[in-house]
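Trainee: Okay, structure incoming, though there's no sequence with it:
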């Protein structure tokens, strides 16, 4: 096999310019999901660097770089105290690396276990383990999030933990929950906890 040469224009399609990225919440507002509900459920600002166009799930809307199947790369920008809801990826593996700041990583169905990531520390969370991350500094912090799976369908696998599912239903109502579930995020069934 011989090396290939591609044009600067072709290479530009393979570059994610951070200053040009749009937060994922902007795309979900187009689906009728209130920005407040989306940002309450996820980290305040999620930037999708790379994902395949065919990938399902809530983290596949208009990636900066169209990548190969089975991989999403995201940057979570979190103000002080910001965190997503406690959730599990049932089929995919999620890996976090602290780029800036300090994050508390919790896991367990009630978030009963925890550890901290300093700059450039990394943790790989196995499938089906509830987890969240919190910026524990007094400045904006950045977390690199890498999600891997075997197939595009694996990415429709997010399950919100029991207490957070109950809170979301009470705060935002059944209509919003239904719209969120259409994106690949699911809520713990009522009465199953």
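Mentor: Nice, I can see it. Values in this document were obtained by computation on a predicted structure and should not be read as measured data.
Trainee: which regions of this protein sit below the pLDDT cut-off?
Mentor: Where the chain drops to pLDDT under 70, the residues are 26, 56-60, 191-193.
Trainee: Buried ones in stretch 31-46, by neighbour count?
Mentor: Buried residues in stretch 31-46, counted by 16 or more other Cβ atoms under 10 Å: 33, 37, 38, 39, 40, 41, 42, 43, 44, 45, 46. Just so you know, the C-beta spots here come from the backbone N, C-alpha and C atoms, and that holds for glycine as well.
Trainee: which one among those residues gets closest to residue 70?
Mentor: residue 46 (19.1 Å; Cβ to Cβ).
Trainee: Tell me the helices and strands packed up against the strand or helix carrying the closest one.
Mentor: In this structure, residue 46 sits in strand 45-51 according to DSSP states H and E. Contact analysis of strand 45-51 by 3 or more Cβ pairs under 8 Å, 6 or more residues apart in numbering; DSSP states H and E lists helix 24-29, strand 65-66, strand 71-78 as its packing neighbours.
Trainee: which residues in this protein form strands?
Mentor: For the chain, applying DSSP state E gives strands covering 45-51, 65-66, 71-78, 87-89, 93-100, 103-107, 113-117, 122-125, 131-135, 141-148, 158-160, 185-187.
Trainee: Figure out how far the fifth one is from the centre of its chain.
Mentor: Read that as strand 93-100. 11 Å (Cα atoms, centre = their mean, to the nearest Å).
Trainee: so that strand versus strand 71-78, what angle?
Mentor: Per axes from the mean of the first three to the mean of the last three Cα atoms, to 10 degrees, the angle that strand 93-100 makes with strand 71-78 is 40 degrees.
Trainee: neighbouring contacts of strand 93-100?
Mentor: If you take Cβ atoms under 8 Å, 6 or more residues apart in numbering as the criterion, strand 93-100 is touched by 75, 103, 105, 117-127, 131, 133, 140-149.
Trainee: So for residue 180, what's the nearest residue that isn't a sequence neighbour?
Mentor: residue 33 (5.9 Å; Cβ to Cβ, 6 or more residues apart in numbering).
Trainee: ditto for residue 147
Mentor: residue 72 (4.4 Å).
Trainee: Run a quick neighbour tally on the one you found.
Mentor: 23 (other Cβ atoms under 10 Å).
Trainee: Hmm, residue 61 and it touching each other?
Mentor: No - the criterion here is Cβ atoms under 8 Å, and residue 72 misses it with residue 61 at 10.8 Å.
Trainee: Spit out the residues that contact these two alike.
Mentor: Common neighbours of residue 72 and residue 61 (Cβ under 8 Å, 6+ apart) are residue 48.
Trainee: picking up where we left off before, I figured the residue nearest to residue 180 hits residue 181, correct?
Mentor: No - in this structure, residue 33 is not within contact of residue 181 by Cβ under 8 Å, at 10.3 Å.
Trainee: Select the longest helix from the chain.
Mentor: For the chain, the helix with the greatest residue count under DSSP state H is helix 162-181.
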